[in-house]
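J.: Build me a structure from this.
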Amino acid sequence: MSSNIWTRGALSSNRRAAAGRCWRVVEAQHHVSTAKLTDDRQEQERLETLLEDSKPSIPEECRRLNYLLFTPFRYGPYPRGSRFRRAGSAPGVFYGSELPRTAATEMAFHRLLFFAESPDTPWPSNPGEYTAFAVSFAAESIDLMARPFNAHERHWTHRTDYARCQAFADDCRADDIDVIKYRSARYPTPATNIAILRCRAFSDADIMDRQTWRIHLSNTGARVICELPKEILDFDRAAFASDPRIASMRWDR
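T.: Predicted coordinates for the structure are as follows:
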């Protein structure tokens, strides 16, 4: 067993069938970027085809899905790991959140993290546009916010050390558990994130809903805005300071 804070029996006895929706936020550049490089629809379609042919192949079990769903499983190796995905040639993970505002908060954090790790990069003059989309899932799951796993929440929500989470995901895959529910480490109040470990967990091949969000970044923090339904989230310099990478950010640039 890859860790001594849980057992295979704990996984088996606490697995549950779960179904529902989750939201993911991505940059809204998928068609706009190629439109800028072409003169008409036919040229754009040819360019899109050329770009598609240059990308890694889509895993067999993911080919039925909308590209927004299969993309996290397509690319690798990754130079560094994420919470439930090891660095290198590890299986993909679709990260989502129970609510769109939680997913937007996660994106705002990662955008700030980019600037924290790129201290010479100036703040963008315009807000970034993002698409939040909902997907449906149905699969065997583990809830890390429930007993007995919640006793180890410090591991599941650690700001920078993902070793325990990655080991846990490995064990879930070995036990045919495809969904992990866990507390967001970024949202200011308790909120649920959802990690989907296999494409077979998606119960619908297409997205269910979508929203447009904009993220304004500056030396004062991040403002995250959704026009419909109307929602504004403000994160000042201290909002993510529990992460040492943000705490050491050079804000004035």
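J.: in this protein, what secondary structure element scores lowest on mean pLDDT?
T.: For the chain, using mean pLDDT, DSSP states H and E, the weakest element among its helices and strands is helix 32-35, scoring a mean of 61.
J.: same for the following helix or strand past it, what does it pack against?
T.: Tracing the chain past helix 32-35, the next element assigned as helix or strand by DSSP states H and E is helix 41-53. Helices and strands touching helix 41-53, by 3 or more CB pairs under 8 Å, 6 or more residues apart in numbering; DSSP states H and E, are helix 32-35. (Glycine included, C-beta is placed from N, CA and C.)
J.: Let me see the ranges of the helices in the stretch 1-150 of the chain.
T.: Along the stretch 1-150 of the chain, the stretches classed as helices by DSSP state H, counting those that start in this stretch are 8-14, 32-35, 41-53, 67-74, 100-116.
J.: So which of the ones you listed is the most surrounded?
T.: For those, the largest average neighbour count (mean count of other CB atoms under 10 Å) is found in helix 100-116, namely a mean of 21.
J.: Would you point out which residue is most central in this structure?
T.: The centroid of the chain falls nearest to residue 95 when counting by CA atoms, centre = their mean (3.4 Å).
J.: Just give me the neighbour total for the residue nearest to that residue when sequence neighbours are not counted.
T.: Of all residues beyond its chain neighbours, the one nearest residue 95 is residue 195 (5.8 Å), with distances taken as CB to CB, 6 or more residues apart in numbering. Neighbour count for residue 195, taken as other CB atoms under 10 Å: 26.
J.: isn't residue 195 right up against residue 182?
T.: Yes: counting by CB atoms under 8 Å, residue 195 does reach residue 182; the two are 6.9 Å apart.
J.: Can you work out which residues contact both of these two?
T.: residue 83 (CB atoms under 8 Å, 6 or more residues apart in numbering).
J.: residue contacts, the residue nearest to the centre of the chain?
T.: By CB under 8 Å, 6+ apart, the contact set of residue 95 is 24, 72, 82, 83, 84, 106, 193, 194, 195.
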